[in-house]
Each structure stands twice: as structure tokens, then as C-alpha cells.
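K.L.:
test case, fold it:
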Amino acid sequence: MDNKTASDSKDAELKALFKAVGCIPFVTEGTLHTGTDGKVEEIRLSLSQKDCKTNTNRKFQQYIAKTTNGWRNVGKPTHLLKTAGIFPSPSGNLVATILNGDSKGDIPVCHIVITKDSEILTTISTEGKHAKMFTADTFGGFSWSADEKKIAYIADPTPPKLPNYFEEKPISKKGEENQKDEKSEDPGNAFQWKENWGEILYDAHSPKPFIVDIEKESVEMVASLPQDVSFGQVIWTPDGKSIICVGWPEKPRRLGITFYNSRKSSLYLLNPTTESDAKKSSEAKKSSDNKASESRSSEPKTSQSKASESKASESKAAESQASESKSSEPTEVKDWVILTPDDHSALNPRFSPDGKSLAYLATDKVWFHHSTSRLRVLSFPPPPSAPPVTITIIDVVRAPAKKGDFPGLYSYSLPNRVWTNDSRHMVFDTLWGSQWGVICVDTKTKTLKRLTGAANIHGLASLIVLDVVGNNVLIKESTPISTHQVHLVKLDLKESEGSVMPGSWECVRSGVPIRDDKHRNALADCSFHVASIPLDAKEPSSNALEAIVVFPKTNQPCPLVLRPHGGPHGGVATTYNWEHAMLLLQGFAVAAINYRGSIGFGQDALESLPGNCGRRDVDDCMATLKHVLAMEKDGKKLIDPARVMVWGGSHGGFLTTHLIGQFPDTFKAAAVRNPVTNIVFMATETDIPDWCYVECGIKNFEEGHMPTVEDMVKLFKASPIAYAENIKTPLLIMLGLKDLRVPPSQGINFHRLLKARGKITKCHTYPESTHSLMDSVRTQSDVVINILKWFLQE
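P.N.:
Just a heads-up that it's a prediction; the model follows:
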């Protein structure tokens, strides 16, 4: 077989492997539907599957119901073409479906379809109402009012149309020149730069809450809002008279917010009155005042009434002056109130079923991107003339008392429904070491218990909450070698001893099997465990280094891929990972590392890394490698030390390039995705310049910070480029050209530098991809197949 034939054969094999293990349906959402007796009658699952032919992630939904033969699918899956979200009303009688329509120029258009049973009641278009709608991720929010007559959601206001110097001003419908905003129509402003919220959120400039009135079929922005604040995560208050939003200050600048839980934010209580409602109210008040004034003016004035009128005028002036002096105090303003003035950040507001408690996640002020959260509960409604009463249910954990103890809260977000029906318990997932675990929190006793199930393989599976209704919890489970199962758990909320939450577990959907028998059986024969990597007891957070080690079934020492995660304050868990499955089925073992600084191990472990990047995290990777290389079975080594690869993205790419520079004779091949290579240059280009300074130990970052020579020396010494001269390992670099987090110039310049020195390197760029390189099926397949080929040829 010649080289060309062998290459074509390997390409076909890897394409088939990608389709087999990477293109199976993954459960993304789940919704419980209960009857009047509180029992679950039906479950709606949302799934996503890669479609290689059309280069899209197909979304579809499947209903499941309980029959005499157990839980079974109801009908066939329904494909959700152009669907951005499905949102049942509180009663379940109505459903709002968001459909993506055709864009009008640069403005995306959506259609909000309201249905009851199988009937469409109305379709409301957002055309001309606003720019992009946010129903998921950081700003996402979509909430029904209790009476199901209104909906609140988040969108960016429509930007003004700005003519250039050779365009006429926009003409109004009446044929007259539109003179609403002379400044905005100045052609000198047509190309003025507009700030955005960074990576992934390049089209988010100043998101605001909008209100849909279903009866009027109208969509309008909330009228009275504080200036220079972006809003998200909107929910209605239980009485339907107000809305709650998370607000992020826009000044002094918008720093990147994706993957951050520590950016400054607050919970706002907002009056949902829209501009047209406010105008009608103002006109009605004005008419009423005029009638009252006319009535008073028709009465003869006495000297006493004149004196009273003078005093009233003086009193009104004094009140006006006092009001102006308090205008800087947001809690004094009538139309909006900050509910969380004492918290640095406040996210994911969730009301209890009785409407008396508002739970949310809060963090202290830290400069790194993900910190340990507090679970806080606010009594609702707040007192009219006093600060809200807020208590901490779960506080920050500095360090677990012993290995395996609760390490603190590390939830990326709370489920939309998180409370049980007693308005006392909350159920959600959190990263607990190297696993996603589910906890039930008693807000009365401020204690928690962990949920475990019989299907949890050796206690090592990861569990994620999809929905909570009544005492029922919908949970998805997976491991590195098994795909998503879905369980329905009936909680027993009676007070009991122990650390495990009692309840009955029922599997309602088995993991989707890999269709190809060969790959399915091979993956089932793989094994994994979570390894605690020993460190010197004198080291900071010496018990906070773990690795998830997965082995293929083989009788010979196998090659190893070391995989440090990004962040650095992220984490890797025992979930199904199709990239790792592809490595396993090509004969590689995988060691995914949670180095010190990862989330899930306590605040002390997090704080041990800033100022030590490029040293402590690198040392942890090498300690992990040493530990794995020493593993044996029946007296035989499991890993071939001559075939060790390393692959990482973002901060994982930073570590990969550090490792091959600091240990040039250790690694056979390396691959990186959007790596940080030169922090000196990155600090001026990234959407998170504070990351560059803080992680390198410069803690005095402020907007407008002018780096000193000493600063730049420190940034350079922490960068992989400081070790580039030593590199011998062949390096494959994959870059998204729309990455705002780690600019592609980081990888391109590193590639040029190595090439000029005669090193083996190759660089792929993806014009439409952002930081994750997960934007399309074509990009994902090209990245992972090329990385596998790069490793296999070495």
C-alpha cells in the first residue's frame, strides 16, 4: 500500500470514527410535566446531534411517558428547524416558541409563536423592535408572568441608522426628515466604534428587558432603566407587577464576560412599564392635573389660601432639591431598586414556589474569572423603606476538611426550576472535585446532602440537573466511557441522618448506543478512574491535584495524551467526551488534569495559582505525568513513556506550549487550540486584559492601566514564548480567526517563530470560528481528525 492509499484509508477510518462517537444525540435540556396529583405524566427532552452533511447541529425534541412497560418514547422525535427556544407557561397550558426568521440587513428577526394544545393563538414578530434576542447563555432570559398574559425577555435595542456623508437622512413615514436625534444622524458618527461584551457576545452591546403583551400583540422595551447598565437573566416577580434582572455596569468599559462568574453585577427590581404604557399614564395624569387645576382656579383665593399655596410651593421645591441630592442612590429611585448592594456579583435569581424567597449565587470581589459561589436567599418582597433581608445559605469553602468533603459551590448556572414544592429545599449540580454532583440544600437548616444513584458507576459518574418540579428531579448521567442516561428521582424530603439524600431512582432513558458494533464494544471495554496525584505536604493545596485517567483495552503499553484544561479556573469532569472517545478508540490513553487553580477544590486551591501561572500548573502537569507513567497492571507498565503527547486549548494551550518548551525531550507530539503564547502582546488585544495581569501576579489592574517595564518583563517570563528556543516537539496549532479571547495572532506569531528556527510546526485557521472552535461541525471534525493524524504519524 503506497502512502497516498494509506492516508486515504486512515482518513476514511477517522471520519467513520467521528460519526460513530461524536455524532450521536446528546441531551441538552429536559422538562417535567406533572398532573394535578403532582405525579410526572410526561417528560420532554431536547437533544442535539451533529449533521456532517449539512454542517449543522440538528436540534429535536422527544416526549417520554410512562406505560405499563416502563418509560417509552411518545411518537417520533420532532426536529426543531430554526427554533431558538421553547418555553412553556407556568400552568403548562401555553407554549412560547422562538423561531429565527430572516435577518433585515444586520438585524436578526425572531417570531414568538404562542400555542395552546395544537392551536396557534398568535405569532408576534420582533421586526423593527430590537436587535439580537438573548434566550440562553450569559444574558439569556425568557419569563412568563403569573397570569400568562405577558412575557419578559432580553434583547439588544435597535441601533440607530447612521448615514454616511453621501447618504440622505432617513425619511419618516410622513415624508418629513426624521429629526429625533440630530447627533445620532450626524454622518460623522456612521462608523463610530461601539463596545461589546467580548468573546461570543460580540453582538451584545447593551442588552435590555423587553415586554411582550400577548393580548395587544406588542413588543416594547421597559421604559425607565438606569443608565450604563446591561441586563440579563430576567424573571417576573410572583405578583406579576415587577421583573427581576441581573445588571452589569458598562463603565468604565465592558470587559469580556463569557466564562466569568466574578464580574461586578447586581440584582435589580424593575418596573416593567413600557414606553407606550408610560406615555398613556403620563397623558392621563396630565389630563387629571389640568382638570384639578381648572377646578381650583375657578375658586376665589383668600389670603389664607395664598399663604398655604406659598408654603406648598416652598415644600415642593425642598422635596425636589432633596430628590436631586439622592439621585445617585439607586435604591431611592422609584422605577428600579438594587436588591443586592452588599454582593460583588449576583447571578441566577430563582423564586421559591410560595414567592417568599429569592435565591441567587454571589461571589466576592476577585480578579480571576471563576470563583467559589455563595448561595444567598433574599426575603421577598423587600421592606419598602429598609434594605432587603438576605441570608447566606452556603458560604465559601476555603478548603475541604478532608479529601472528598464538600469543596464549595461551583455551578455555572442554576436550573430554571430549582426549588422543591415545600419552598424549603433546592436541588442543583455543582462541580465536586472531578465530578459533577447533585446536591439538595435545606435553606432552613443551611445544610446539604448529595444525591447518588444505583446507576452511578463506582460513584464516579457525573450527574447534572435538568429540571425540578414538586419533589421530582430530572437528572442526566454520563461517564467518560458511557453516553447520557436520564433518571427521574423522587426525593424523600423527610429529615434524616447521613450525607446522602434519600429517594427513588428510575431510568427513563438509556444512553444512546454507538451504532457501530466494533466501536461500541471497544468503548465499553475501556476503563477509567480518578487519580489523586500526591504532592509534597508543604505545597499549597497539596490535596487539590487530580486527574481523570482513561485506558483503552490492551495488553501492551499504550501511548498517552496529556490534556490540561483551559481557564485556568475551569475544570474537567467525569462526563462523556467524544474527543477522548476518539483517542481511546485509536489506542491512546488519556489523562485529563485538574491542576491546582481548577474549580471544585475550594477557594484556597483557586487562589494558589494567580501569580504562579507557567510554574505551579506546569509542575502539576508533570507530577501527573510521572504518576501515570508509574501505573502498572499485573507487574506491567500501562503507558509507553516514548509515546507521550500533549493537547490543550486556551490556557490548556498555554500549558502545552510551556511543557514542550520547558521539557523538550518528554513529548512526542503536541497540539493546541487558540493558545496563549505571549502575554505581553495579548494584554493589549484580548477582551480580558485583567486576566493577563492577575494570572501573572500583577494585582493592581485598572482600566487605563499603563504597564511598566517591570510589568512587561513579568508577563514575558510567565509566557511560553520565553522557552520557545528549546522546543523540539512537533506542534500543530489550530486557530479561530474570530476569537476575541485569545487573539489568533498569538498562535500565528508563535508558528512563524518556530518555523524560522527550523522547528516542525503546522498551523490551521478557521475564518468563522471563535475561541472554542466548536462553531460548526465542519470545524470540529477538521480539528480533531487532524490532531489524531498528527499524533498517529508520530
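
K.L.:
separation between residue 154 and residue 85?
P.N.:
When distance is defined by Cβ to Cβ, to the nearest Å, residue 154 is 12 Å away from residue 85. Using the backbone N, CA and C atoms, a C-beta is placed for each residue, glycine as well.

K.L.:
quick one: common contacting residues for those two?
P.N.:
With contacts defined as Cβ atoms under 8 Å, 6 or more residues apart in numbering, the residues adjacent to both residue 154 and residue 85 are residue 135.

K.L.:
quick check: mean pLDDT of stretch 143-150?
P.N.:
In this model, stretch 143-150 has an average pLDDT of 97.

K.L.:
restricting to C-alpha, output that stretch in PDB.
P.N.:
This file holds the C-alpha atoms of stretch 143-150, laid out as PDB (Å, rounded to 0.1, in the frame of the first residue of the first chain):
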ATOM      1  CA  SER A 143     -40.100  34.500  31.600                       C
ATOM      2  CA  TRP A 144     -43.900  34.300  31.700                       C
ATOM      3  CA  SER A 145     -45.900  36.400  34.100                       C
ATOM      4  CA  ALA A 146     -48.000  34.600  36.600                       C
ATOM      5  CA  ASP A 147     -51.300  35.500  34.800                       C
ATOM      6  CA  GLU A 148     -49.700  34.300  31.500                       C
ATOM      7  CA  LYS A 149     -50.600  37.500  29.700                       C
ATOM      8  CA  LYS A 150     -47.100  38.900  29.300                       C
END
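
K.L.:
higher neighbour count, residue 154 and residue 85?
P.N.:
Taking neighbours as other Cβ atoms under 10 Å, residue 154 and residue 85 compare with residue 154 leading, 27 against 21.

K.L.:
phi first, then psi, for that one.
P.N.:
Reported as degrees, to the nearest 10, the phi and psi values for residue 154 are phi -110, psi 140.

K.L.:
these two touch, right, it and residue 232?
P.N.:
Yes - with contact defined as Cβ atoms under 8 Å, residue 154 reaches residue 232; the gap is 5.2 Å.

K.L.:
which residue is the nearest non-sequential neighbour of residue 213?
P.N.:
Nearest residue to residue 213 in three dimensions, chain neighbours excluded: residue 150, at 5.7 Å (Cβ to Cβ, 6 or more residues apart in numbering).

K.L.:
ok, now which ones touch the one you found?
P.N.:
Taking Cβ under 8 Å, 6+ apart as the criterion, residue 150 is in contact with 144, 211-214, 236, 240, 272.

K.L.:
how near is it to residue 215?
P.N.:
Computed with Cβ to Cβ, the distance linking residue 150 and residue 215 is 9 Å.

K.L.:
what does residue 409 give?
P.N.:
Counting by Cβ to Cβ, the gap from residue 409 to residue 215 is 41 Å.

K.L.:
neighbour count for the two, which is higher?
P.N.:
Remark: of residue 409 and residue 215, residue 409 carries more neighbours, 28 against 8, as counted by other Cβ under 10 Å.

K.L.:
run a quick neighbour tally on the closest residue to the more buried one other than its chain neighbours.
P.N.:
Nearest-residue entry for residue 409: residue 373, 4.1 Å, with adjacent residues in sequence omitted and distances by Cβ to Cβ, 6+ apart. The number of residues packed near residue 373 is 27, by other Cβ under 10 Å.

K.L.:
OK, contacts around residue 373?
P.N.:
With contacts defined as Cβ under 8 Å, 6+ apart, the neighbours of residue 373 are 261, 361-363, 396, 408-411.
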